[in-house]
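Undergrad: This is the structure alone, sequence omitted:
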């Protein structure tokens, strides 16, 4: 478990920064009906990809290794969240790959517009980060409760 409150705060700050980027991209995409050409939106998506890569790596090398050892009853839930990282990054990479292209067609075998894909991905990221926040706080309080 992060032994210091500062470590938990840092993790929560990273989650807030990711969510702020999601909000900025959504604001840029309001009213977009075709290919995403907005430089700010593309820049935010690229920054989000970079931020999530670093964030996930830090989690996987840090608290996602440590917490399951200190709170084994939560290990399966931590593993589930860690397993989602590569799928989120792959989806974001796909969004960036297709960002400036015309709307996806039937050959893509994925319904909806790029904006729809971004919105679905963002729902996943928001859920993921919320579950992580909840789980970290649960582990934090469990560990504090065992100090006595």
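TA: All right, it came through fine. Keep in mind that this is a model prediction, so the values were computed, not measured. Numbers count the residues shown, from 1 in each chain.
Undergrad: Burial check on residue 118, number of neighbours?
TA: Neighbourhood size, residue 118 [other Cβ atoms under 10 Å]: 23. The way it works is simple: take the backbone N, C-alpha and C, and place the C-beta from them, glycine included.
Undergrad: quick one, what contacts it?
TA: Taking Cβ atoms under 8 Å, 6 or more residues apart in numbering, we find residue 118 in contact with 25, 26, 29, 36, 45, 95.
Undergrad: Equivalent analysis for residue 95, please.
TA: Per Cβ under 8 Å, 6+ apart, neighbours of residue 95: 45, 114, 117, 118, 121.
Undergrad: picking that back up, using CSV, lay out the contacts of residue 118 together with secondary structure and distance to residue 135.
TA: Compiled in CSV, these are given as follows (DSSP: H, G, I helix; E, B strand; the rest coil; distance: Cβ to Cβ, whole Å):
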residue, secondary structure, distance to residue 135
25, helix, 25
26, helix, 25
29, helix, 30
36, coil, 33
45, helix, 27
95, helix, 26
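Undergrad: Going by neighbour count, list what's buried in whichever helix or strand residue 116 is part of.
TA: For residue 116, the enclosing helix or strand under DSSP states H and E is helix 114-145. With burial defined by 16 or more other Cβ atoms under 10 Å, the residues of helix 114-145 counted as buried are 114-115, 117-119, 121-122, 125, 128-129, 132, 135-136, 139-140.
Undergrad: Residue 76 sits in which helix or strand?
TA: Using DSSP H and E, residue 76 falls in helix 75-98.
Undergrad: so residue 50 is in which element?
TA: helix 39-61.
Undergrad: Can you tell me which helix or strand of this protein has the lowest average pLDDT?
TA: None of the helices or strands of the chain scores lower by mean pLDDT, DSSP states H and E than helix 63-70, at a mean of 81.
Undergrad: angle of that helix against helix 39-61?
TA: With axes from the mean of the first three to the mean of the last three Cα atoms, to 10 degrees applied, the angle from helix 63-70 to helix 39-61 works out at 30 degrees.
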